[in-house]
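Engineer: Here's a sequence, model it:
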Amino acid sequence: MSIKLKVALSVIALFVVAGFAVLWTTQQLYMEAIDRAAEQAVASASSAFAALEQQDVEKLSAVNDALRSRTDLRDAFVARDREALLALAQPIFSQLKENYAITHLYFESPAPESKIFLRVHSPEKFDDVNERDTYLAAVETGTYGVGKDLGMTAFALRVVHPWTDAAGETIGYVETGQEIEEFLDIMSEQSGDELTLMLLKDKLDATEWQTMRQNRGEQNDWDRYEALVAAHSTDDAPEAGLVEALDIAALPESGEVLVKSGTHAGTVAGAFPVSNTSGERVGAVVVQHDISSLESQLSSARTQTMLIMTGIGVLLVLIVVVMLNSLVFNRLALMIEHMRDASVRLAGGDFDISMPVPSGADEISRFEQFFATFIEAVSSTLKQLTK
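Structural biologist: Okay, here's the model as predicted:
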């Protein structure tokens with residue numbers, strides 16, 4: 001194998017190693033970019049959830065204030081005329097539901113009775129004792145109660161305000177609420193992420209859950225997961241493997257990435273915890289973030305990088321070969337030709353030999369100078385011996 005080929009192969013081998021190093025580094029940067037996108041998606045969803053909650057608390061409070069200012073509603077409630085109160089409140093609730101996505105409206109008796117006098121959204125059920133934290137907070141503080149309470153089948157943001165008469169005496173409480181599912185739909189529209197509210201089964205009632213699903217004409221999916229149930233999903237509920245790996249107690253408040261890059265092509269997933277009014281964690285929101293577009297962009301960038309590196313490598317090999325030919329191999333070939341010519345002439349008795357004078361000052365030029373001096377010395381010596 002010629003020296004030229006050895007040098008060329010060595011350059012190619014070095015470039016291949018460098019190419020693999022660049023490819024590995026690019027892949028690491030690619031995965032880090034995807035993981036950062038996943039972390040940002042979860043953190044953004046958690047922040048959006050908190051922001052929407054605050055906005056809706058203000059909305060529910062404003063609606064609550066308007067309802068409590070209605071003297072016709074107050075008179076029907078004081079008279080304990082449930083049918084009259086329902087007739088007055090039903091059209092109001094329909095408008096609130098359509099325009100503001102309010103899903104719950106209660107009129108509740110004061111303590112110590114503490115019973116739900118009327119559910120406008122579900123009037124067939126009444127006179128059950130209200131033991132939710134938001135109601136109890138309103139009773140204890142004498143001001144209002146606000147927070148997320150989990151019922152037997154639903155998880156809702158609730159605002160409870162005392163209802164007073166003209167003398168300032170508490171006659172009862174008005175409660176307005178919105179199911180958390182509304183949050184997820186709004187967030188999904190804004191971010192494009194798929195969101196699923198997962199609730200702990202031990203906080204719910206299986207029988208009531210089944211009845212609720214049947215009433216909605218939906219399939220009962222209580223047994224789909226072991227410890228959790230999907231209360232609402234903006235698209236398809238997450239895979240069982242992802243849900244079973246979800247440890248709600250260990251989730252940081254800002255959320256955590258559960259499925260990172262390289263695990264599921266096209267999607268990364270994370271979750272953030274959801275707590276009730278008393279601060280008890282009752283579930284989590286699973287965020288599934290579509291990264292197919294990002295993957296495509298990064299893959300395209302990686303391909304372009306490799307093509308550029310390959311082009312640079314080919315150009316580098318050509319430059320090295322051309323430079324070696326010009327600076328070394330062509331000059332060595334010329335020296336070999338001169339040496340062959342000199343040996344033939346000396347063998348034929350021609351001792352008048354002179355070598356080209358090198359013009360450079362590099363290592364090859366010094367060798368050429370030494371070779372020219374050597375040939376002249378040999379020629380001179382042979383010429384003297386033959387006299």
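
Engineer: Tell me where the stretch 151-300 of the chain has strands.
Structural biologist: 155-164, 170-179, 194-200, 228-233, 256-259, 267-275, 281-290 (DSSP state E, counting those that start in this stretch).

Engineer: Least confident of the ones you listed, on average?
Structural biologist: Of all the strands of the stretch 151-300 of the chain, mean pLDDT reaches its minimum on strand 256-259 (a mean of 79).

Engineer: closest one to L382 among the strands of the stretch 151-300 of the chain?
Structural biologist: The closest of those to L382 is strand 267-275. By CB to CB, the value is 84.1 Å. Where you see a C-beta, it was placed from the backbone N, CA and C, and this is true even at glycine.

Engineer: in its sheet, what does that closest one sit against?
Structural biologist: strand 256-259 (antiparallel), strand 281-290 (antiparallel) (DSSP bridges).

Engineer: Of these, flag the one that's most buried.
Structural biologist: strand 281-290 (a mean of 24; mean count of other CB atoms under 10 Å).

Engineer: picking that back up, turn the strands of the stretch 151-300 of the chain into a markdown table, columns for distance to K97.
Structural biologist: Converted to a markdown table, those look like this (distance: least, CB to CB, whole Å):
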| stretch | distance to K97 |
| --- | --- |
| strand 155-164 | 13 |
| strand 170-179 | 9 |
| strand 194-200 | 20 |
| strand 228-233 | 17 |
| strand 256-259 | 34 |
| strand 267-275 | 23 |
| strand 281-290 | 23 |
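
Engineer: Using CSV, write out every CA atom in stretch 6-22.
Structural biologist: Extracted in CSV, the C-alpha atoms of stretch 6-22 (Å, rounded to 0.1, in the frame of the first residue of the first chain):
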residue,chain,number,x,y,z
LYS,A,6,-2.2,5.3,3.7
VAL,A,7,-2.4,9.0,4.4
ALA,A,8,-5.7,9.3,2.6
LEU,A,9,-7.2,6.4,4.5
SER,A,10,-5.9,7.9,7.8
VAL,A,11,-7.6,11.2,7.0
ILE,A,12,-10.8,9.4,6.1
ALA,A,13,-10.7,7.3,9.3
LEU,A,14,-10.2,10.4,11.4
PHE,A,15,-13.0,12.2,9.7
VAL,A,16,-15.3,9.2,10.2
VAL,A,17,-14.5,9.2,13.9
ALA,A,18,-15.2,13.0,14.0
GLY,A,19,-18.4,12.4,12.1
PHE,A,20,-19.7,9.9,14.7
ALA,A,21,-18.7,12.3,17.5
VAL,A,22,-20.7,15.1,15.8
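
Engineer: Centre of the chain to it, how far?
Structural biologist: For stretch 6-22, the separation from the chain centroid amounts to 37 Å (computed by CA atoms, centre = their mean, to the nearest Å).

Engineer: Turn the strands paired with strand 267-275 into a markdown table, including distance to R132.
Structural biologist: Formatted as a markdown table, these follow (distance: least, CB to CB, whole Å):
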| stretch | distance to R132 |
| --- | --- |
| strand 256-259 | 29 |
| strand 281-290 | 13 |
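
Engineer: Nearest to F126, out of those?
Structural biologist: Within the strands paired with strand 267-275, the stretch nearest F126 is strand 281-290; the backing value is 25.4 Å (CB to CB).

Engineer: who wins for proximity to L96 among the strands paired with strand 267-275?
Structural biologist: Nearest to L96, of these and by CB to CB, is strand 281-290 at 24.9 Å.

Engineer: any idea how far that closest one is from the chain center?
Structural biologist: The answer for strand 281-290 is 12 Å, by CA atoms, centre = their mean.

Engineer: the inter-axis angle of it versus strand 155-164?
Structural biologist: Strand 281-290 and strand 155-164 meet at an angle of 130 degrees, taking axes from the mean of the first three to the mean of the last three CA atoms, to 10 degrees as the criterion.

Engineer: about what we covered before: F117 is nearest to which of the strands of the stretch 151-300 of the chain?
Structural biologist: Smallest distance to F117 across the strands of the stretch 151-300 of the chain (CB to CB): 7.0 Å, for strand 170-179.

Engineer: Buried residues in that closest one, which are they?
Structural biologist: Within strand 170-179, the residues scored as buried using 16 or more other CB atoms under 10 Å are 172-179.

Engineer: That strand packs against which elements?
Structural biologist: helix 3-68, helix 71-78, strand 104-108, helix 133-141, strand 155-164 (3 or more CB pairs under 8 Å, 6 or more residues apart in numbering; DSSP states H and E).
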